[in-house]
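Peer 1: Sequence isn't available, so here's the structure alone:
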């Protein structure tokens, strides 16, 4: 059973924007990703919204593999700011996991 | 196996915080390109290189060293390396590119300076006062370090009375034009890339070029800064046939470069996919970002030849030949 952190989205959002709730889970982002990152951003952002902190942390490599190239973002029908959201997650991991 | 992410980011962030750049290089190496050009020091309008072209040869050397380290037992000591790096600049020992490679990247800056001068733009250069923009640290999400650095860069520009900044590469353009204003209240610098400046000038070429090139848009120029039409217009007016690859303009395919600092192998695999697309469009490729250039050329090997856009522009709009 996953341990949920109801404050996770607020912690991630602390300094940056995190507008993942606009995501309607259509999968365009995954289909066009040059890195073939199936996980981002749909499931990953959902983990944040649901407070599944451990699931976010185990996907650290995926979070840092994103190129921030924004090809997903220009194709996103819901206007999710995917690159900025990924940067917010990096900021979160830097502080919470790497203690930077 | 990639090096531990946290320690690698830590080293890069420590370098920016302590030494003003993710990979510190000497002022001599940063400003060598301007030798003999007699560029005025400072001024209301400056050409701001952001050290990107000067840094790439060093980043490449570091990346090679990282790949070797990642496959060896030494990878387990990256944390210790971070501690040592706080006292001694270890990157100075790990990254020593050849003079020939450095000169090739410096030539792009010479080309840009020449083009701006030829277009009648009055500008200066900050020489050793110029700082790296912090783009990599921003991408890696170390916002606290980046914010302090951004204020430092802005402070240098303000101290020297700069009002307008002409940038060379997409990453510096994005940082100075779109990122810094979100971090610094009252930020009032006008920032344009040299491609935008030259396109606005609308000068006729001094020499007509022949041939065709496959254009590779930088993600940052195309999707962050909307610099898409200007390079095409400049190359087209120069006489070149601009071939569009499968994914181009707003929907350009990334060169993979942003993954280079943490995952060099993933970066290369992505660049190979892009080279395949570009190769189908033309034998010669044109880039407008040093990161794209180095990644694509490395992936292409002998299969394709890349040139920075300034190479063609200098041939067409410059004083008939590049300054040697």
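Peer 2: Nice, I can see it. What you see is a predicted model, and the numbers here were worked out from it, not measured in a lab. Numbering: from 1, shown residues only, chains lettered A, B, ... in the order given.
Peer 1: Could you list the contact residues of the stretch 1-150 of chain B toward chain A?
Peer 2: Contact residues, the stretch 1-150 of chain B versus chain A (C-beta under 8 Å from any C-beta of the partner chain): B:2, B:5, B:6, B:9, B:10, B:13, B:138, B:139, B:140, B:141, B:142, B:143. All C-beta atoms are positioned from the backbone trio N, CA, C, and that covers glycine.
Peer 1: which stretches of chain A aren't confidently modelled?
Peer 2: Applying pLDDT under 70 to chain A flags the ranges A:1, A:15-16, A:39.
Peer 1: Burial check on residue B:44, number of neighbours?
Peer 2: 12 (other C-beta atoms under 10 Å in any protein chain shown).
Peer 1: How much space separates it from chain A?
Peer 2: 33 Å (C-beta to the nearest C-beta, to the nearest Å).
Peer 1: Quick one: residues contacting the most centrally placed residue in chain A.
Peer 2: Geometric centre of chain A, nearest residue: residue A:45, 4.2 Å, by C-alpha atoms, centre = their mean. Applying C-beta atoms under 8 Å, 6 or more residues apart in numbering or on different chains, we find residue A:45 in contact with A:20, A:23, A:80, A:85.
Peer 1: Helix or strand: which one has it?
Peer 2: Here residue A:45, judged by DSSP states H and E, is contained in helix A:42-50.
Peer 1: which residues touch the longest helix belonging to chain A?
Peer 2: Ranked by number of residues, the top helix in chain A under DSSP state H is helix A:82-96. Applying C-beta under 8 Å, 6+ apart, the set of residues contacting helix A:82-96 from outside is A:11-13, A:15-20, A:29, A:40-41, A:44-45, A:48, A:56-57, A:60, A:63-64, A:66, A:68-70, A:72-73, A:76, A:100, B:6, B:9, B:138-143.
Peer 1: mind running it again at 7 Å?
Peer 2: A:11-13, A:15-20, A:29, A:40-41, A:45, A:56, A:60, A:63-64, A:66, A:68, A:70, A:72-73, A:76, A:100, B:9, B:140-143 (C-beta atoms under 7 Å, 6 or more residues apart in numbering or on different chains).
Peer 1: Any of those residues buried? List them.
Peer 2: Taking 16 or more other C-beta atoms under 10 Å in any protein chain shown as the criterion, what is buried in these is A:11-13, A:16, A:18-20, A:29, A:40-41, A:45, A:56, A:60, A:63-64, A:66, A:68, A:70, A:72-73, A:76, A:100, B:9, B:140-143.
Peer 1: just checking, which of the residues you listed belong to helices?
Peer 2: A:11, A:12, A:29, A:45, A:56, A:60, A:63, A:64, A:72, A:73, B:9, B:143.
Peer 1: quick one: which of those is nearest residue B:46?
Peer 2: Nearest to residue B:46, judged by C-beta to C-beta, of those is residue B:143 at 26.3 Å.
Peer 1: Tell me, how many residues neighbour the residue nearest to that closest one when sequence neighbours are not counted?
Peer 2: The spatially closest residue to residue B:143, leaving aside those adjacent along the chain, is residue A:91, at 5.4 Å (C-beta to C-beta, 6 or more residues apart in numbering or on different chains). Other residues within reach of residue A:91, judged by other C-beta under 10 Å, total 21.
Peer 1: So which bits of the stretch 151-300 of chain B are right by chain A?
Peer 2: By C-beta under 7 Å from any C-beta of the partner chain, the residues of the stretch 151-300 of chain B that approach chain A are B:219, B:223-224, B:250-251, B:253-254, B:256, B:258-259, B:262-263, B:266, B:270.
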